[in-house]
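pasting the sequence and the predicted coordinates here, then a few questions.
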Amino acid sequence: MTLTGNLTVTGDTISANVANLDVEDRFILLNSGSNSGDTGIIFGGSNGVANQGAGIFFDNPAGVFGFAGGIASNATAATHVGKLGYIQQSATTEPTLAPDFQGVGAMHIKEDTGCIYIYA
């Protein structure tokens, strides 16, 4: 079946049981109906268990993008066990403040000298 125009589906769950899903959009808005909460993508079966897997997500209370395993497909929250690295760079400026994004472990590289600063 081919539909032309807009399609609106209302409900709690939409299932698309397909081998591959192609999305033309450059950005995908997750958690669009809320102003809080953890949000991310779960890679199902990545730990050998159906309906759960490893995820990359924004850990809202912690304020960081993180990783975790064993997240159920119906989970509404997750706690990161690792986080994405954050590397900032500038041509001539040394960091004057601790980074407020991704916190401890964030890096700043000063391009003109090659100096690397790691926030601890």
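Sure, I can see it.

would you map the strands across this structure?
Secondary structure of the chain (DSSP state E): strands at 39-44, 52-59, 64-72, 82-83, 87-90, 107-110, 115-118.

same list (those strands) but as CSV, adding mean pLDDT, mean neighbour count and distance to Leu97.
(Glycine included, C-beta is placed from N, CA and C.) Formatted as CSV, these follow (pLDDT from 0 to 100; neighbours: other CB atoms under 10 Å; distance: least, CB to CB, whole Å):
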stretch, mean pLDDT, mean neighbour count, distance to Leu97
strand 39-44, 93, 16, 27
strand 52-59, 94, 19, 22
strand 64-72, 93, 18, 17
strand 82-83, 91, 14, 19
strand 87-90, 84, 12, 11
strand 107-110, 88, 16, 10
strand 115-118, 90, 12, 11
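
turn those into TSV, columns for distance to Leu29.
Converted to TSV, these look like this (distance: least, CB to CB, whole Å):
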stretch	distance to Leu29
strand 39-44	9
strand 52-59	12
strand 64-72	16
strand 82-83	22
strand 87-90	25
strand 107-110	29
strand 115-118	33
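
right, so of these, which gets closest to Leu3?
strand 39-44 (26.1 Å; CB to CB).

what is that closest one packed up against?
Here strand 39-44 touches strand 52-59, going by 3 or more CB pairs under 8 Å, 6 or more residues apart in numbering; DSSP states H and E.

let's see it at 10 Å
When contacts are defined as 3 or more CB pairs under 10 Å, 6 or more residues apart in numbering; DSSP states H and E, strand 39-44 packs onto strand 52-59, strand 64-72.

closest to Gly103 out of these?
strand 64-72 (6.3 Å).

quickly run through the sheet partners of that closest one, with directions.
strand 52-59 (antiparallel), strand 82-83 (antiparallel) (DSSP bridges).
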